[in-house]
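Colleague: sequence first, then the predicted structure, then my questions.
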Amino acid sequence: MFIRAYLRASTEDQDAGRARSQLQQFAADHGQKVAAWYVENESGAKLDRPELFRLISDASPGDVLLVEQVDRLSRLKAEDWETLKAKLAEKRLRVVALDLPTSWMALPGHHGATDEVTAGLLDAINRMLLDMLAVVARKDYNDRRRRQQQGIEKAKAAGRYRGRQPDLKRHAVIREMLAKGMSWSSVAKATGASRSTILRITKASA
């Protein structure tokens, strides 16, 4: 059984690897070690996330999918969340989230259930709480989108809207790394940038 950590940020300007040390410490505190890392800059409201599905493809039955918070895994609408849950269940992946203590019992050696009935009950409770947190994460996503749109409309009306500006400093670092011959995979791992972001910067520099 392996612990596979999934790190996600919504935009290229956020550091997807920000929680790496926190997840490492959590695993160590439970006598475990993270065997593989999967990092990407994609919206949690999208089902199509290459690194998440690479994790699922790599996983063996009984592996642990470790996340900082449930919203790192899902801000999906209900039908997409059901699709993702089915994929996780097909691989018998056990989700452990730092913000869901009932999920910690899935870790090897965790002192939780002492018998099959108790273990089954705790698993059912955990799945219910996971569903609930996924719904809350989706609501938070929708609320933030609505507030952002209201802010944009207000700024447009006042003639102050410029749109999201690129992180020029980060783009310069990426261009420098590419110029030194570093591979896209290395650049993505070091900066947390998605491959689409690196492609866009490459095209702009051509």
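Modeller: Yep, it's here.
Colleague: SS state for Arg146?
Modeller: Here Arg146 is recorded as helix under DSSP: H, G, I helix; E, B strand; the rest coil.
Colleague: for Arg72, give me its contacts.
Modeller: Contact partners of Arg72, counting by Cβ atoms under 8 Å, 6 or more residues apart in numbering, are Tyr6, Leu7, Arg8, Ala19, Gly44, Ala97. Where you see a C-beta, it was placed from the backbone N, CA and C, and this is true even at glycine.
Colleague: kindly apply the preceding question to Pro50 instead.
Modeller: So Pro50 contacts Glu40, Glu42 (Cβ under 8 Å, 6+ apart).
Colleague: that one and Lys203, how far apart?
Modeller: From Pro50 across to Lys203, the span is 20 Å (Cβ to Cβ, to the nearest Å).
Colleague: same deal with Glu40?
Modeller: Using Cβ to Cβ, Glu40 is found at 20 Å from Lys203.
Colleague: format the contacts of Arg72 as a markdown table; extra columns: secondary structure.
Modeller: Below are those laid out as a markdown table (three-state DSSP):
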| residue | secondary structure |
| --- | --- |
| Tyr6 | strand |
| Leu7 | strand |
| Arg8 | strand |
| Ala19 | coil |
| Gly44 | coil |
| Ala97 | strand |
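Colleague: quick revisit: who has more neighbours, Glu40 and Lys203?
Modeller: The neighbour comparison of Glu40 against Lys203 (other Cβ atoms under 10 Å) goes to Glu40, with 20 against 8.
Colleague: and the helix or strand containing that one, what's buried?
Modeller: According to DSSP states H and E, Glu40 maps onto strand 34-41. Buried residues in strand 34-41, counted by 16 or more other Cβ atoms under 10 Å: Val34, Trp37, Tyr38, Val39, Glu40, Asn41.
Colleague: just the angle between the following helix or strand past that strand and strand 34-41, please?
Modeller: Going down the chain from strand 34-41, the next helix or strand is helix 50-58, by DSSP H and E. Here the directions of helix 50-58 and strand 34-41 differ by 150 degrees (axes from the mean of the first three to the mean of the last three Cα atoms, to 10 degrees).
Colleague: doesn't Leu73 make contact with Val95?
Modeller: Yes: with contacts counted by Cβ atoms under 8 Å, Val95 reaches Leu73, the gap being 6.8 Å.
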